[in-house]
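Let's see this in three dimensions:
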Amino acid sequence: MKKFEVGKIYRERKYEGRMDVEIKIVKRTAKTVTFIYTKPNWWEDDITKEYRKKISDMGQGEVIYFGSNWATPTVDPEPIEEITEAVIAS
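Numbers count the residues shown, from 1 in each chain. Below is the predicted model of the structure:
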């Protein structure tokens with residue numbers, strides 16, 4: 001099961017480019033993560049503030065839901081570094 005790790009950067013997968021939501025995990029407990037946004041995005045204006053969200057279990061790994069609407073961002077524990085390495089390797 002994939003889990004969020006402190007210090008790593010994660011990104012929403014729905015959008016590419018400047019529209020995506022990118023977060024850096026600052027703290028975590030068994031049930032919550034505290035994070036900051038790493039760049040401006042469409043979801044939140046104040047990117048300097050720390051936010052806390054509950055971690056949900058998706059079956060294959062953890063996931064963070066930013067709201068209950070179908071269009072709200074979700075982030076899974078696939079760090080940006082791993083995504084970049086996979087793209088470069090192929």
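
which SS class is the closest residue to T34 other than its chain neighbours?
With sequence-adjacent residues excluded and distances taken as CB to CB, 6 or more residues apart in numbering, T34 is closest to K27, at 4.1 Å. For every residue, glycine as well, the C-beta is placed using N, CA and C. Secondary structure, DSSP: H, G, I helix; E, B strand; the rest coil: K27 is strand.

Could you report the neighbour count for K27?
Neighbourhood size, K27 [other CB atoms under 10 Å]: 11.

any idea how far it is from D76?
Here the criterion is CB to CB, to the nearest Å. By it, K27 lies 19 Å from D76.

wait, E22 sits on K8?
No - with contact defined as CB atoms under 8 Å, E22 and K8 do not form a contacting pair (11.3 Å).

Give me the common contacts of the two.
Applying CB atoms under 8 Å, 6 or more residues apart in numbering, one finds that E22 and K8 are jointly contacted by I80.

what about the two, which has more around it?
The residue with more neighbours, out of E22 and K8, is E22; 19 against 15, by other CB under 10 Å.

tell me which residues form a beta bridge with the more buried one?
When bridges are called by DSSP bridges, E22 pairs up with R11.

ok, so what distance separates it from A30?
24 Å.

Contacts only, for the residue lying closest to P40 once chain neighbours are set aside.
Leaving aside its sequence neighbours, P40 sits nearest to I47 (CB to CB, 6+ apart; 6.0 Å). Counting by CB under 8 Å, 6+ apart, I47 touches I36, Y37, T38, K39, P40, N41.

Just name the shakiest helix or strand of this structure by mean pLDDT.
Least confident helix or strand, the chain: helix 80-89 with a mean of 52, by mean pLDDT, DSSP states H and E.
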